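> Requesting a structural model of the entry that follows:
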Amino acid sequence: MYNFNALFGPASAASRKISPTLLAPEFGEVSVRPVGDRIQVVATLAMGAYLLGDGERCMVGLALDASQSMQDDYGRGRTIPSDVSKEYIAKGMYEEVVRDGVARRVLTKEAKEQAIRSGRVQRTRNIVHEPCLTLIDNLIRTFATGGVTSGGCEVIYWACGKDGREIESLGEIHQGELATTTIEGPRTKAFGAATHLTPPFRYFWQQAAGVNGVFVFVTDGHIDDEAQVVSETHRLAAEIKAGRRKFVKCVLLGIGTQVDRDQLARLDDMEMPEDLADVDIWNATVLSEMRHMNDAWSEIFDPETVVGTSLRVFNEQNRLVYEKTDEVKALMWFDVPADTAVIELVLDGEMKIRQSLQ
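Model prediction:
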């Protein structure tokens with residue numbers, strides 16, 4: 001999420017990202033913050049020529065959560081089919097438990113053991129393989145040096161091992177190898193008992209010391225070392241700010257129903273020291289809320305790219321509420337009256353984009 005304090009000045013109000021499902025297709029991201037009798041708005045156009053990486057060298061990487069809770073998602077868990085469960089429940093082989101305030105029937109240990117002994121269990125479905133292959137393909141095409149012809153993406157599993165701090169690399173995967181690549185979890189290391197993001201984060205950004213880097217981290221739950229991630233991000237931002245290294249952008253992508261959305265929001269809108277407020281490392285989003293894979297790159301662009309020479313913003317009553325008559329850049333920000341529910345942006349008098357602020 002954008003740093004509103006750096007763009008507009010300090011305010012105590014919290015900013016809010018408009019859900020991707022509600023975004024106009026022309027936008028990559030829109031966020032708002034109510035302050036007094038105004039609504040501050042920050043927006044970027046979607047993808048196109050405004051992405052970092054066009055003509056530049058970029059290292060790209062994909063890091064996949066391999067904590068124990070991910071085993072089922074990789075298709076390496078076992079589940080009892082619903083029709084078999086109903087049979088055991090009909091026999092009274094269940095317990096009543098309350099989860100999230102809802103009473104549920106759970107098979108007893110004896111029922112589960114019977115199902116296993118009788119071969120009535122099946123492997124869980126791998127829900128990670130296909131979207132991750134799409135991510136690799138997209139990363140290579142969009143950012144990698146050489147693109148489709150020679151670009152590659154390093155893929156690693158993280159949160160491996162007893163303490164959840166180990167990494168297993170699949171190596172660099174090229175676009176032509178995707179058809180024979182299988183994403184099914186770590187091959188040599190155990191699924192981890194905790195989820196530590198700092199090791200893979202440090203692994204990638206230290207490798208990309210001399211080039212731009214775009215890295216995606218996939219997770220299904222809660223990050224156990226959030227404070228360390230924040231500290232490591234401040235360290236990286238300081239190096240970028242001092243010109244000691246190239247640009248790095250990281251995307252934290254949540255999958256499944258157990259994602260800690262509050263934590264994703266905190267990392268997306270990470271508090272930065274005042275002197276580093278303009279260095280934004282993290283973008284966090286949830287796979288199920290994305291319109292398409294390109295939404296993951298909504299914050300990865302060159303904010304200085306000029307996209308037009310004039311911008312006019314109208315409210316739902318077609319009243320002009322903001323106007324800019326000199327160059328308009330890829331990152332645009334302005335404020336409108338607090339009672340504005342819908343805006344229409346007119347760029348160079350031609351492109352019209354209508355967007356709800358609710």
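> Break this protein down into its domains, please.
Domain segmentation of the chain under automatic domain parsing yields 4-44+305-356, 52-71+126-297, 79-123.
> In CSV, list these along with mean neighbour count and mean pLDDT.
Heads up, the C-betas are built off the backbone N, CA and C, glycines and all. Output for the domains of the chain, formatted as CSV (neighbours: other CB atoms under 10 Å; pLDDT from 0 to 100):
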stretch, mean neighbour count, mean pLDDT
domain 4-44+305-356, 16, 91
domain 52-71+126-297, 18, 90
domain 79-123, 12, 85
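> The host helix or strand of I343: how far from the chain's middle?
Taking DSSP states H and E as the definition, I343 sits inside strand 342-347. Between the centre of strand 342-347 and the centre of its host chain there is 27 Å, according to CA atoms, centre = their mean, to the nearest Å.
> next SSE after it?
The element immediately downstream of strand 342-347 (helix or strand, assigned by DSSP H and E) is strand 351-356.
> what residues are up against I127?
I127 makes contact with D73, G75, I255, G256 under the criterion CB atoms under 8 Å, 6 or more residues apart in numbering.
> Going by distance to V148, which of those residues wins?
Out of these, the one with the shortest distance to V148 is I255. That distance is 25.6 Å, counting by CB to CB.
> which non-adjacent residue is nearest the closest one?
L287 (4.7 Å; CB to CB, 6 or more residues apart in numbering).
> so what's the nearest residue to Y203 once chain neighbours are set aside up against?
What sits nearest to Y203 in space, not counting adjacent residues and going by CB to CB, 6+ apart, is I167, at 5.9 Å. With contacts defined as CB under 8 Å, 6+ apart, the neighbours of I167 are I156, Y157, W158, C160, P199, P200, Y203.
> Try it again at 6 Å.
The neighbourhood of I167, defined by CB atoms under 6 Å, 6 or more residues apart in numbering, consists of I156, W158, P199, P200, Y203.
> Out of those residues, list just those in strands.
When DSSP state E defines the strands, the subset of those inside them is I156, W158.
> Pipe the contacts of I167 into a markdown table and attach distance to N283 per row.
Formatted as a markdown table, the contacts of I167 follow (distance: CB to CB, whole Å):
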| residue | distance to N283 |
| --- | --- |
| I156 | 19 |
| W158 | 18 |
| P199 | 20 |
| P200 | 16 |
| Y203 | 19 |
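> So V218 lies in a strand, does it not?
Yes. Using DSSP: H, G, I helix; E, B strand; the rest coil, the assignment for V218 is a strand.
> What's opposite it in the beta bridge?
Taking DSSP bridges, one obtains L64, L253 as the residues bridged to V218.
> who's the closest residue to D348 other than its chain neighbours bridged to?
Across the structure, with CB to CB, 6+ apart as the measure, the residue nearest D348 apart from its sequence neighbours is G308 (4.5 Å). Beta-bridge partners recorded for G308 (DSSP bridges): V328.
> if I pick G308, what's in contact with it?
Shown in contact with G308 (CB under 6 Å, 6+ apart): V328, L347, D348.
> Also V230?
Counting by CB under 6 Å, 6+ apart, V230 has no contacts.
> Give me the phi and psi for it.
Backbone torsions for V230, taken as degrees, to the nearest 10, come to phi -60, psi -50.
> about what we covered before: please identify the helix or strand for the residue nearest to Y203.
Taking DSSP H and E as the definition, I167 sits inside strand 166-174.
> Identify the residues contacting the residue with the largest distance to the centre of the chain.
In the chain, K91 marks the outermost C-alpha relative to the chain mean, sitting 44.6 Å out by CA atoms, centre = their mean. K91 makes no contacts at all, as judged by CB under 6 Å, 6+ apart.
> which residues of the stretch 51-200 of the chain fall in helices?
Listed in chain order, the helices found in the stretch 51-200 of the chain under DSSP state H, counting those that start in this stretch are 82-90, 109-117, 129-142, 147-150, 198-207.
> Let's have those helices in JSON lines, adding distance to T182.
Below are the helices of the stretch 51-200 of the chain laid out as JSON lines (distance: least, CB to CB, whole Å):
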{"stretch": "helix 82-90", "distance to T182": "27"}
{"stretch": "helix 109-117", "distance to T182": "26"}
{"stretch": "helix 129-142", "distance to T182": "7"}
{"stretch": "helix 147-150", "distance to T182": "21"}
{"stretch": "helix 198-207", "distance to T182": "20"}
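> Just grab the bridge partners of E95 for me.
The residues listed as beta-bridge partners of E95 by DSSP bridges are V106.
> Settle this for me: it is touching V106, isn't it.
Yes. Assessed by CB atoms under 6 Å, E95 is found in contact with V106 at 5.3 Å.
> Would you tell me what helix or strand G28 is located in?
Here G28, judged by DSSP H and E, is contained in strand 27-35.
> now swap in M270 and tell me
Per DSSP H and E, M270 falls between elements, in no helix or strand.
> Over to V229?
In this assignment (DSSP H and E), V229 forms part of helix 226-241.
> Nearest residue to Q114 in space, please, no chain neighbours.
Nearest residue to Q114 in three dimensions, chain neighbours excluded: Y88, at 7.5 Å (CB to CB, 6+ apart).
> wait, isn't the one you found in contact with K109?
No. The pair Y88 and K109 does not pass the contact test of CB under 6 Å, sitting 11.4 Å apart.
> Which residue, other than its chain neighbours, is closest to L320?
Once flanking residues are discounted, L320 sits nearest to F314: 5.7 Å by CB to CB, 6+ apart.
> partners of that neighbour in the sheet?
For F314, the beta-bridge partners under DSSP bridges are L320, E344.
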